[in-house]
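Student: Quick one: sequence plus predicted model below, questions after.
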Amino acid sequence: MVVAVVGVGVSLTVPQLLLRGVGVSPVIATSACMIALSLAIGHYAPALRIYPARQSGSAHKPSGILVAAVVLAGVCLWSIGAIVARLLITDEENSTQRLGVEPYLLTLLFVLAIAPATEEILYRGLLQGALNRVSPVALSVSLTTAVFALVHPHPRDVVMACAIGLLAGITREVFETMTAPILVHVAMNTASMLVPSAAVSALAHGSAAVPVLVLFAVFLLLISAAARSAALRSL
């Protein structure tokens, strides 16, 4: 497992550095490497029995209600994480040097499609799948989330990555498919693109921050209960 994780890290960083060294933009270089590595993992991982989470007769195709619940839960958890991140980390603490400015449509494609699909295959598919073979599920979800959070360079991104990682890791185990964590990731990234950062900061530092956090937490619990009920009826 350690060899696989190191191999993934080298496979992502070395080609990126080579591509960027010949003038390829960071987003294109990252996208190319992540897609190539994800295709390789998708081809070889099933033969190595790394994922799906469990091969059992209980695996089922998520219904429309379950898909909607996953998406809504992702949005709620993103909202909680975004407010908490701004309460804990100031703009000065979060500011680091960005690497250039990419075309908006290219960035949109990367954030809403390429990153969610490839990162879920890499982390929830490869890493969490490998950890499931040697540790309890709760530990594998926690360790995968920690690794996923630590590879994000900006302090607030670490907080948001923890939120994505936990929900994506749990849904991977509940639905026994890679579709659910990818949907979680897409929903949370979409929220990050649609909701203005200034609006979140104003809310986080206003008097409504705590009531809004409680409201989103209640919504998240209700969505989880509805999803569990729907899952039980579909068995």
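Tutor: Noted; the coordinates are in hand. Residues are numbered from 1 along each chain as shown.
Student: all contacts plus neighbour counts: C-alpha atoms, from now on.
Tutor: Will do.
Student: worst-scoring helix or strand of the chain, pLDDT-wise?
Tutor: Counting by mean pLDDT, DSSP states H and E, the weakest-scoring helix or strand in the chain turns out to be helix 2-21, with a mean of 62.
Student: could you point out which element follows it?
Tutor: As assigned by DSSP states H and E, the chain's next helix or strand after helix 2-21 is helix 26-44.
Student: Can you list the helices and strands that that following helix packs against?
Tutor: Contact here means 3 or more Cα pairs under 8 Å, 6 or more residues apart in numbering; DSSP states H and E; on that basis helix 26-44 packs against helix 2-21, helix 115-120.
Student: Mean confidence (pLDDT) on it, please.
Tutor: The average pLDDT within helix 26-44 is 76.
Student: Buried residues, it. List them.
Tutor: Using 16 or more other Cα atoms under 10 Å as the test for burial, helix 26-44 gives 26-35, 37-38, 41-42.
Student: Distance from that helix to the middle of the chain?
Tutor: Helix 26-44 has its average C-alpha position 16 Å from the chain's average C-alpha position, going by Cα atoms, centre = their mean, to the nearest Å.
Student: what do you get for stretch 210-229?
Tutor: With Cα atoms, centre = their mean as the basis, stretch 210-229 stands 19 Å off its chain's centre.
Student: For Ile170, which non-adjacent residue is closest in space?
Tutor: Setting aside the residues directly before and after it, Ile170 is nearest to Val141 in space (Cα to Cα, 6 or more residues apart in numbering), at 7.0 Å.
Student: what about that neighbour, distance to Arg172?
Tutor: For Val141, the distance to Arg172 (Cα to Cα, to the nearest Å) stands at 9 Å.
Student: and if you look at Ala138?
Tutor: To Arg172, Ala138 is 12 Å away according to Cα to Cα.
Student: Who has more neighbours out of the two?
Tutor: The neighbour comparison of Ala138 against Arg172 (other Cα atoms under 10 Å) goes to Arg172, with 27 against 12.
Student: Check which helix or strand that one maps to.
Tutor: Here Arg172, judged by DSSP H and E, is contained in helix 155-175.
Student: can I have that helix written out in CSV, keeping just the CAs?
Tutor: Extracted C-alpha coordinates of helix 155-175, given in CSV (Å, rounded to 0.1, in the frame of the first residue of the first chain):
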residue,chain,number,x,y,z
PRO,A,155,-5.2,26.6,4.9
ARG,A,156,-8.9,27.0,4.1
ASP,A,157,-8.6,24.3,1.4
VAL,A,158,-7.5,21.9,4.1
VAL,A,159,-10.7,22.5,6.0
MET,A,160,-12.9,22.1,2.9
ALA,A,161,-10.9,19.0,1.9
CYS,A,162,-11.7,17.4,5.3
ALA,A,163,-15.4,18.0,4.7
ILE,A,164,-15.3,16.6,1.2
GLY,A,165,-13.1,13.6,2.3
LEU,A,166,-15.3,12.6,5.2
LEU,A,167,-18.6,12.7,3.2
ALA,A,168,-17.1,11.2,0.1
GLY,A,169,-15.4,8.4,2.1
ILE,A,170,-18.6,7.6,4.0
THR,A,171,-20.8,7.5,0.9
ARG,A,172,-18.3,5.3,-0.8
GLU,A,173,-18.8,2.7,1.9
VAL,A,174,-22.5,3.1,2.2
PHE,A,175,-23.3,2.9,-1.6
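Student: Show me what secondary structure element comes after that helix.
Tutor: helix 179-194.
Student: what packs against that next one?
Tutor: Contact analysis of helix 179-194 by 3+ Cα pairs under 8 Å, 6+ apart lists helix 64-88, helix 115-120, helix 155-175 as its packing neighbours.
Student: For this structure, give me the ranges with low pLDDT.
Tutor: Low-confidence segments of the chain, defined by pLDDT under 70: 1-17, 19-20, 23, 42-63, 95-102, 231-235.
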